[in-house]
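Engineer: Give me a 3D structure for the following:
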Amino acid sequence: MNIRNTHTTYGTVTKWLHWLTAFLFIISYLTIYFREWFAISDKENWYAIQLHFSVGLTLAVLVVLRIFWRLIDKPPRVNSKSQKVANASRILHGTLYLIMIIMPLSGYLSKADYFICGKGQISLYFFYDLHRHNPVALCDIVNATLSALSQPADIIHQITGAWLIIPLLALHIAAALYHHFVVKDDTLLKMTTFKPIK
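Structural biologist: Below is the predicted model:
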């Protein structure tokens, strides 16, 4: 199995980045739904939100790595004889990348003022307290800006998470299944199999 992409299939690095991103997005959603629907005690609520923050920070790092890797490792060619379908595929992938940038960024900005000013903390996967590195002195310089960004960032985070991601992911999955079962090409296999595709 190639580490890098080829003109016919994705490489090991791209596949791991793709599926790890998908897994973390699922965990991120589960933590929020658990907090809203099932968390009863303050302790359960704290664990859920801390895990959500931790996953969000991990996703932010992962997205940067994915963008960097995509810039240096050209993806396989699109399996379509139709230019319209190929363009639609590129637009969908570009939109998904944009969403992957917006979600962690808006999530951070919605709470940055709160954390930077020392009012709260993030316990990274319950093992490491990030508040040790909070630039509290920075609060006096950027507090007004962060306060102004907090509410709009929170709105963007919630609207994107509640109304945009699910339809886009459903479309992404439906397109892959359409290619596999209807068109019967290797689009889905490019991201799921570790066997060489000729």
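Engineer: Name the residues of stretch 18-32 that are buried.
Structural biologist: Of the residues in stretch 18-32, those buried by neighbour count under the rule 16 or more other C-beta atoms under 10 Å are T21, L24, F25, I27, S28, T31, I32. Backbone N, C-alpha and C define where each C-beta goes, glycine included.
Engineer: So what touches it?
Structural biologist: 10, 48-49, 51-52, 55-56, 58-59, 62-63, 66, 100, 161, 165, 191 (C-beta atoms under 8 Å, 6 or more residues apart in numbering).
Engineer: go with 10 Å
Structural biologist: Applying C-beta atoms under 10 Å, 6 or more residues apart in numbering, the external contacts of stretch 18-32 come out as 10, 39, 47-56, 58-59, 62-63, 65-66, 96, 99-100, 103-104, 107, 158, 161-162, 165-166, 169, 172-173, 191-192.
Engineer: Stretch 90-97 now?
Structural biologist: Residues from elsewhere that reach stretch 90-97, judged by C-beta under 10 Å, 6+ apart: 21, 63, 66-67, 70, 75, 78, 164-165, 168-169, 171-172, 175.
Engineer: Let's see that with 8 Å instead.
Structural biologist: Surrounding stretch 90-97, the residues in contact under the criterion C-beta under 8 Å, 6+ apart are V63, R66, I67, R70, V78, L168, L169, L171, H172, A175.
Engineer: And the strand or helix carrying the last one, what's buried?
Structural biologist: Okay, so that is A175. Counting by DSSP states H and E, the element that carries A175 is helix 165-178. When burial is assessed from 16+ other C-beta under 10 Å, helix 165-178 yields the following buried residues: I165, L168, H172, A175, A176.
Engineer: So the residue nearest the centre of the chain versus F68, what's the distance?
Structural biologist: The centre of the chain sits closest to M100, judged by C-alpha atoms, centre = their mean, with a distance of 4.1 Å. The gap separating M100 from F68 is 13 Å, by C-beta to C-beta, to the nearest Å.
Engineer: where does the closest residue in space to R66 that isn't next to it in sequence land on pLDDT?
Structural biologist: In space, R66 comes closest to L17 once its chain neighbours are excluded; the distance is 5.0 Å by C-beta to C-beta, 6 or more residues apart in numbering. Each residue has a pLDDT score; the one for L17 is 96.
Engineer: L17: neighbouring residues, count only.
Structural biologist: 18 (other C-beta atoms under 10 Å).
Engineer: Can you tell me which of the buried residues of stretch 18-32 comes closest to V183?
Structural biologist: When those are compared for distance to V183, the smallest value, 24.9 Å, is given by T21; criterion: C-beta to C-beta.
Engineer: Return the distance of stretch 60-70 from the chain's centre.
Structural biologist: Between the centre of stretch 60-70 and the centre of its host chain there is 10 Å, according to C-alpha atoms, centre = their mean, to the nearest Å.
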